[in-house]
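Chemist: When you get a sec, could you give me coordinates for this:
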Amino acid sequence: MRGAVAIPGDKSISHRYALLGALASGTTSVAHLAPGADVAATLACLRGLGVPIEETGPGAIRIGGVGRRAFSAPTAPLDAANSGTTMRLLSGILAGCPFRTTLVGDPSLSRRPMRRVIDPLSAMGATITSQDGRAPLTIEGGQLSPVTWRSPVASAQVKSAILLAALATEGTTTVIEPMATRDHSERAFPVFGLRSETSTDPAVTGGGSQATAVSVTGRQQAVAPTGTLHVPGDPSTAAVWAAAAAALPGSSVELTGVCLNPHRLGFIRALERMGAIVEIEEQSQSGGEPVGTIRVSHGAHRATVIDAAEVPSLIDELPVLAARAAMGGGLEVSGAGELRVKESDRITALVSGFQALGVAASERPDGFVIEGVRTPRGGTADAAGDHRLVMAFTLVGIGASGPTEVTDAGAVAVSYPDFARDLARLTE
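Modeler: Okay, here's the model as predicted:
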């Protein structure tokens, strides 16, 4: 695995720029938008609300901000497809809109838990009906009231949904999380002229040493930024090639234009413990996010442990870290029960697929154990419609002694439609 990859735009940031651009007064231009179906779903939903969005080039859009009050009631349900970020963050915006909206998703998204956003948004004054806490969601928006919400789960999507709803209130809303999560919303707010405050003071959080509180005062008006926002590269995509290079002897990759947000680099710390040689060079700032180059080379094979305190910083990267461990060393993960409510039951599907490829793997209620004690033999692994598993199983297949087939692999288009192309180039 050798070569350089210009990492495609980050999904999390792309969603937020699109949503905030729709709320802002003025025109927002965004370049290097994340490819794939998830961000496309957010743009389609915004168009369904009457937001004019023009494609100005590959990965580039111009959003004619209309503001929440100028959104029009959709004439049909808004389809979030497979994107949990779309459904949860958009729910926060729709909670403050004076009309009824129904949000639907594909079968996978319709199985994922939505009560974690239904409950706080309902406490703020929205009326939301669901199918036992799952999509479809019908939201009767209107006048919202501020709340102090102690989230039982550490989820940047939940936090962001509440913060977006808070902009429609009179007063200050505070979200308290058990531990810090991705702060892309907090970094994007100032880009659009909005303010938020973050505190770890126990007097504010009322929680343990890792608890974090984020507060937003309502009735702020988002303003479109001048110039063009450039979305930095997705660390979760960079992690695929970083894990592959760390696993395969003689490998070295250079990953350029990557978002270096510290809340997204947990996978780097894990790879270093597993023996990888890593160099990080910060080169610029974009929209409040540090951006630079990550270089990863194979070093040694060592086992490591990831527990609940580390999980929020690498939840999406756990499948490719497991693939790294399958080729030598080992990995023990706990405190990651959230994996069971992703696009698939990511614990069961990951372990089943790895076992089918000859990897010593076992489940835990909230995690898994991978033992890199033998070379994977290859075989057929079912990705269960989960883009992260497509990439993880492919990495195991590269290091296997025999051929590997990954079924239901079209799901990779959700986040990385050019995955196969970049894979072929790096393994030439």
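Chemist: can you pull the buried residues of the worst-scoring helix or strand of the chain on mean pLDDT?
Modeler: Taking mean pLDDT, DSSP states H and E as the measure, the helix or strand of the chain with the lowest value is helix 202-205, at a mean of 89. By 16 or more other Cβ atoms under 10 Å, the buried positions in helix 202-205 come out as 204, 205. Yep, even glycine has a C-beta here, placed from its N, CA and C like the rest.
Chemist: Tell me the helix or strand right after it.
Modeler: Per DSSP states H and E, helix 202-205 leads on to strand 212-217 as the next helix or strand towards the C-terminus.
Chemist: Measure how far that next one is from the centre of its chain, please.
Modeler: Its chain's C-alpha centre and that of strand 212-217 lie 21 Å apart, by Cα atoms, centre = their mean, to the nearest Å.
Chemist: The stretch 51-200 of the chain: strands as residue ranges?
Modeler: Applying DSSP state E, counting those that start in this stretch to the stretch 51-200 of the chain gives strands spanning 53-57, 60-65, 78-79, 100-104, 127-131, 134-140, 148-150, 172-177, 197-199.
Chemist: now for the ones you listed, which one comes closest to residue 314?
Modeler: Among the strands of the stretch 51-200 of the chain, the nearest to residue 314 by Cβ to Cβ is strand 172-177 (16.6 Å).
Chemist: Quick one: residues contacting residue 338.
Modeler: If you count contacts by Cβ atoms under 8 Å, 6 or more residues apart in numbering, residue 338 has them with 153, 155, 311, 315.
Chemist: Run through the residues that contact residue 52.
Modeler: 63, 64, 66.
Chemist: Next, give phi and psi for it.
Modeler: Dihedral pair for residue 52: phi -80, psi 120, per degrees, to the nearest 10.
Chemist: Look up how far residue 239 lies from it.
Modeler: Distance, residue 52 to residue 239, using Cβ to Cβ, to the nearest Å: 35 Å.
Chemist: out of the strands of the stretch 51-200 of the chain, which comes closest to residue 345?
Modeler: Between these, strand 134-140 lies closest to residue 345; by Cβ to Cβ that is 14.6 Å.
Chemist: Which neighbouring elements make contact with that closest one?
Modeler: With contacts defined as 3 or more Cβ pairs under 8 Å, 6 or more residues apart in numbering; DSSP states H and E, strand 134-140 has these neighbours: helix 84-94, strand 100-104, strand 127-131.
Chemist: I'd like to know which of the ones you listed is closest to residue 358.
Modeler: Taking the helices and strands packed on strand 134-140 one by one with Cβ to Cβ, helix 84-94 is closest: 31.8 Å.
Chemist: any idea of the mean pLDDT in the closest one?
Modeler: In this model, helix 84-94 has an average pLDDT of 98.
Chemist: now stretch 253-269
Modeler: Taken as a whole, stretch 253-269 has an average pLDDT of 97.
Chemist: Between the two ends of that stretch, what distance do you get?
Modeler: End-to-end distance for stretch 253-269: 17 Å, by Cα to Cα, to the nearest Å.
Chemist: Show me what stretch 191-208 is in contact with.
Modeler: Under Cβ under 8 Å, 6+ apart, the answer for stretch 191-208 is 20-21, 23-24, 28, 150, 163, 167, 174, 176, 178, 180, 183, 185-186, 189, 209, 211-217, 220-225, 229, 287-288.
Chemist: Buried ones only from those residues, please, as a PyMOL command.
Modeler: Typed into PyMOL, the next command selects the buried ones out of these (criterion: 16+ other Cβ under 10 Å):
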select buried, resi 20+21+23+24+28+150+163+167+174+176+178+180+183+185+186+189+211+212+213+214+215+216+217+220+222+223+224+225+229+287
